[in-house]
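Colleague: how would this look folded up:
(4 chains)
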2 protein chains.
Amino acid sequence: MNSNIIFDKIFKLPENSRKTLEENITLVHYPKGHILLKAGKIESNIYFIKKGIVRAYVNQNDSDVTFWFGKEGETILSMRSYVENQKGYEDIELLEECDLYELKTVNLQRLFEEDIHIANWGRKFAESELIKTEERLISRQFKTASERYKELITNNPDLIKRVQLGHIASYLGITQVSLSRIRAEIK
Amino acid sequence: MNSNIIFDKIFKLPENSRKTLEENITLVHYPKGHILLKAGKIESNIYFIKKGIVRAYVNQNDSDVTFWFGKEGETILSMRSYVENQKGYEDIELLEECDLYELKTVNLQRLFEEDIHIANWGRKFAESELIKTEERLISRQFKTASERYKELITNNPDLIKRVQLGHIASYLGITQVSLSRIRAEIK
DNA sequence: ATTAAAATTTAACAAATGATAAAAAATGAA
DNA sequence: TTCATTTTTTATCATTTGTTAAATTTTAAT
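Modeller: Coordinates of the predicted model:
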């Protein structure tokens, strides 16, 4: 997935603004298992996924709670670092080898001040993440774990193939044992 | 709460841009119980709460699922209408008499294209809503209903006084009966 | 103040999910 | 392939939350 496709996915940028953005990214490569962003750190980069799949999780007691998966075309960031320039609450782990476009937050912030199209691109990005997050929250509120699992395999069939079930269970807000039970009932 | 305080809460706007925004708002007043935004409609306004408290809910089968409360200083909008110009999924009900600043979405969209400060203000608004929503989703994922209730009364003590418990239970993702049980255990 | 309606609590039982442990299956390295 | 490790499933029992119904309390109108 090329950078221009990724940028245009969020919001159609004029040619000039897109070039400006592209001048500020570098392609990086990391192996499976790499921890890209770390909880408790103010992160200074955001990433666009060219290839691969990642998860965001919060470490609670001994166990991880996965709350987000990102794959090709999606954007990786530490929400607190990006929005408030504070320490993040999440780790980002690469679940496959990944090709990523890296962009320094400080440069992006500067572009937001200088280029109205990039500012609106950033606005559209936040808005589209917001609506996805709100819909997940609502789905969480009135659907059973079983319904949420069925919804996931319908909307995101490749996730099941690429991500181990323990992470999926966590993402659905249930234990792995519960998810196994649900899967057994469906068959 | 004055409009300038509300606007500056999100993002410090230059004087000129703030005036431009203020020229586009009108103060409106509705009684308790009024349904301000309706599910299934493309809403053409957003509102800033000067005084009062409201809830957003989705109607599922016979029952309402409340997923958001808004009070003084917060912004009311139909997420789908605002972000995608499509039919909204939520109703907004006024839980008290309200004074609201009304702003036409079409005007705001125009200002986003014309004024970089307003574009960044809109970006900051979406970002701050996004981080709040993500934190709620995560809290939902690894806290028990009891912990979430305690969190709510700590962070938002006046909510309990202003909003009936049935709505709070729904917001926490549990039944009213469960919430009563939790409240009884705490005492 | 009285009364009707609405909201909240309590109780009893059902259903869903969690916790722990063990078995089975899948994966990956030598 | 073989073997050790990791992941997934299955089983059992405990805990939490849901459902229904009734009792109690609060609210609001007359």
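Colleague: Run through chain A and note the low-pLDDT ranges.
Modeller: Judged against pLDDT under 70, the low-scoring parts of chain A cover residues A:61, A:187.
Colleague: Tell me where it has strands.
Modeller: Read by DSSP state E, chain A holds these strands, from start to end of the chain: A:25-30, A:35-37, A:45-51, A:53-60, A:63-71, A:75-76, A:91-94, A:98-104.
Colleague: who in chain A is up against DNA strand D?
Modeller: Applying CB under 7 Å from any atom of the strand, we find that chain A lies next to DNA strand D at A:Q164, A:L165, A:G166, A:Q176, A:V177, A:L179, A:S180, A:R181, A:R183, A:A184. From N, CA and C alone the C-beta is placed, and that goes for glycine too.
Colleague: hmm, stretch A:36-44 touching chain B?
Modeller: No: counting by CB under 8 Å from any CB of the partner chain, chain B is not contacted by stretch A:36-44; separation bottoms out at 11.7 Å.
Colleague: Go through the strands of chain A and name the closest to B:F11.
Modeller: For the strands of chain A, proximity to B:F11 was assessed by CB to CB; strand A:45-51 is nearest, at 19.6 Å.
Colleague: can the closest one be found next to chain B?
Modeller: No: shown here: strand A:45-51 not in contact with chain B (CB under 8 Å from any CB), separated by at least 12.5 Å.
Colleague: ok, and what's touching that strand?
Modeller: Strand A:45-51 is touched from outside by A:1-3, A:6-7, A:25, A:27-28, A:36, A:70-77, A:82, A:97-105, A:108, with contacts defined as CB atoms under 8 Å, 6 or more residues apart in numbering or on different chains.
Colleague: Stretch A:150-158 now?
Modeller: Outside stretch A:150-158, the residues that touch it by CB under 8 Å, 6+ apart are A:F69, A:K71, A:S139, A:K143, A:L159, A:I160, A:I168, A:Y171, A:L172, A:I186.
Colleague: how about the CA coordinates for it, as PDB?
Modeller: Taking only C-alpha atoms (Å, rounded to 0.1, in the frame of the first residue of the first chain), the coordinates of stretch A:150-158 have been written out as PDB:
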ATOM      1  CA  LYS A 150     -20.100 -12.800  14.800                       C
ATOM      2  CA  GLU A 151     -20.000  -9.100  13.800                       C
ATOM      3  CA  LEU A 152     -16.200  -9.200  13.900                       C
ATOM      4  CA  ILE A 153     -15.900 -12.300  11.600                       C
ATOM      5  CA  THR A 154     -18.300 -10.700   9.200                       C
ATOM      6  CA  ASN A 155     -16.700  -7.300   9.100                       C
ATOM      7  CA  ASN A 156     -13.100  -8.400   9.400                       C
ATOM      8  CA  PRO A 157     -12.800 -12.000   8.300                       C
ATOM      9  CA  ASP A 158      -9.000 -11.900   7.800                       C
END
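Colleague: rewinding a little: by neighbours, which of the contacts of stretch A:150-158 wins?
Modeller: When neighbours are counted by other CB atoms under 10 Å in any protein chain shown, A:Y171 leads the contacts of stretch A:150-158 with 24 neighbours.
Colleague: and that residue, how far is that from A:S139?
Modeller: Using CB to CB, to the nearest Å, A:Y171 is found at 12 Å from A:S139.
Colleague: same check, this time on A:M79
Modeller: Taking CB to CB as the measure, A:M79 and A:S139 are separated by 20 Å.
Colleague: Tell me which residues of stretch A:124-142 come out buried.
Modeller: Taking 16 or more other CB atoms under 10 Å in any protein chain shown as the neighbour-count basis, stretch A:124-142 is seen to contain the buried residues A:124-131, A:133-134, A:136-138, A:140-142.
Colleague: Now do it: everything it contacts.
Modeller: Contacts of stretch A:124-142 with the rest of the structure, by CB under 8 Å, 6+ apart, involve A:10-11, A:75, A:148, A:151, A:173, B:58, B:60, B:65, B:67, B:79-80, B:82-84, B:89, B:123, B:126-127, B:129-130, B:133-134, B:136-137, B:140, B:170, B:173.
Colleague: One more pass at 7 Å, please.
Modeller: Identification of contacts with stretch A:124-142 by CB atoms under 7 Å, 6 or more residues apart in numbering or on different chains yields A:10-11, A:75, A:148, A:151, A:173, B:58, B:60, B:65, B:67, B:79-80, B:83, B:123, B:126-127, B:129-130, B:133-134, B:136-137, B:140, B:173.
Colleague: what does stretch A:74-81 give?
Modeller: In this structure, residues lying in contact with stretch A:74-81 by CB under 7 Å, 6+ apart are A:36-37, A:42-43, A:46-49, A:54, A:70, A:86-90, A:92, A:105, A:125, B:131, B:134.
Colleague: got it, and stretch A:168-186?
Modeller: By CB under 7 Å, 6+ apart, stretch A:168-186 touches A:64-67, A:69, A:140, A:145-146, A:148-149, A:152, A:159-160, A:165-166, B:140-141.
Colleague: Tell me, how many residues neighbour A:G33?
Modeller: What A:G33 shows, counting by other CB under 10 Å, is a neighbour count of 10.
Colleague: What separation do you get for the nearest residue to it once chain neighbours are set aside and chain B?
Modeller: What sits nearest to A:G33 in space, not counting adjacent residues and going by CB to CB, 6 or more residues apart in numbering or on different chains, is A:L94, at 6.5 Å. Remark: distance between A:L94 and chain B (CB to the nearest CB, to the nearest Å) = 20 Å.
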